[in-house]
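Colleague: 3D, please:
(one chain, ligands or ions: 1)
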Amino acid sequence: MFLGSGSAFTVGADNFQSNMLLINEQNQKLLIDCGTDIRLSLYAVGLSYLDITDIYISHQHSDHIGGLEYIAFSSLFDPRCNKPNLYLSKDIASDLWDRSLSGGLRSIDGDITSLESYFQVNKIENNGHFDWGGLQLNLVKVVHVNNGYFLMPSYGLFFEANGIKVFLSTDTKFCFNYIGEFYERADIIFHDCETSHYQTPVHAGYKELVTLPARIKNKMWLYGYQPGALPDAKQDGFRGFVKRGQTFEFSPQNLD
Ligand SMILES: [Zn+2]
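Modeller: Next up is the predicted model:
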């Protein structure tokens, strides 16, 4: 379920940041990224922090982590909650606390805290995976930002559910050479897609994605787009743009 399908800077109630819930047959939920919108996007589908027991973080931009303070404080001080499980690549874990979350979360009344005070932290090794809800979720390192000194990655996900292979790009530049093998292997692809007139170099743009081979576009859904008019993605060979609230059921009969 896409709680939102917009970009980081989506405004208004028409859409939210691209955070998703992966829900299994036992109705367990894995929140994939937790942006600044998360209170509102959960509320819009009748959920709250009470429903968030497991969180995956792909990288440190605020549309992916900006809602963690809400989840952390709300869960810590609500006796109904256990510590949520937090799954993230090992390289992101220390930076997440030191460079982002500690500013707001480090001090509580009478104590100094750490990331582990709020979350059951599961650090994932390089090229590793984690197991959740009967699924094996494999991290796929993608190139998001090149600051000229080093590359800032994001970690997409590749998993198989009911025999359906799913690739979720999270935030990535367009680089077919780097992640093309995952496009080929997947049965269904969810890809971030910038639709702005002022294309940035840190996301795949529609004009770039449209150059992909038909066999790949034919299994690709687009999300993370800007507000405003959208191109006719179906006409251009894609499955379409994901709408806020849209759900996808991973079973063979629902692929077409
Ligand atoms: Zn990002």
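
Colleague: my guess is Gly156 contacts Lys173, does it?
Modeller: No. If you go by CB atoms under 8 Å, Gly156 and Lys173 don't touch, sitting 12.0 Å apart. Glycine gets a C-beta too; all of them are placed from N, C-alpha and C.

Colleague: okay, and the common contacts of those two?
Modeller: Counting by CB atoms under 8 Å, 6 or more residues apart in numbering, the contacts common to Gly156 and Lys173 are Val142.

Colleague: more neighbours: which of these two?
Modeller: Set Gly156 next to Lys173 and count neighbours by other CB atoms under 10 Å: Gly156 wins out with 25 against 21.

Colleague: spatially nearest residue to the more buried one (excluding sequence neighbours)?
Modeller: Val140 (4.2 Å; CB to CB, 6 or more residues apart in numbering).

Colleague: so what's the backbone phi/psi at that neighbour?
Modeller: phi -120, psi 110 (degrees, to the nearest 10).

Colleague: my guess is it contacts Ile179, does it?
Modeller: Yes. Using CB under 8 Å, Val140 is in contact with Ile179, at 6.7 Å.

Colleague: which residues are in contact with each of those two?
Modeller: Gly156.

Colleague: tell me what the helix or strand where Leu30 lies is packed against?
Modeller: Here Leu30 sits within strand 29-32, counting by DSSP states H and E. Using 3 or more CB pairs under 8 Å, 6 or more residues apart in numbering; DSSP states H and E as the contact criterion, the elements in contact with strand 29-32 are strand 20-23, strand 54-57.

Colleague: please redo it, this time with the cut-off set to 10 Å
Modeller: strand 20-23, strand 54-57, strand 85-89, strand 135-146 (3 or more CB pairs under 10 Å, 6 or more residues apart in numbering; DSSP states H and E).

Colleague: can you pull the contacts of the residue nearest to Ser58 when sequence neighbours are not counted?
Modeller: With CB to CB, 6+ apart as the measure, Thr170 is the residue that lies nearest to Ser58, at 3.9 Å, once sequence neighbours are left out. Counting by CB atoms under 10 Å, 6 or more residues apart in numbering, Thr170 makes contact with 18, 20, 32-33, 56-59, 61, 64, 139-140, 142, 144, 153-157, 190-192, 224.

Colleague: make sure I have this right: Thr170 is in a helix.
Modeller: No. Checked against DSSP: H, G, I helix; E, B strand; the rest coil, Thr170 lies outside a helix; its state is coil.

Colleague: from Asp63, how far off is it?
Modeller: 11 Å (CB to CB, to the nearest Å).

Colleague: who touches both of those two?
Modeller: Residues touching both Thr170 and Asp63 (CB under 10 Å, 6+ apart) are Ser18, Asp33, Gly224.

Colleague: spit out the contact partners of the one residue in the stretch 151-256 of the chain that gets nearest to the ion.
Modeller: Nearest residue of the stretch 151-256 of the chain to the ion: Asp171, at 3.6 Å (CB to the ion). By CB under 10 Å, 6+ apart, the contact list for Asp171 reads 7-8, 18, 33, 58-59, 61, 63-64, 142-145, 152-156, 192, 194, 202-204, 224.
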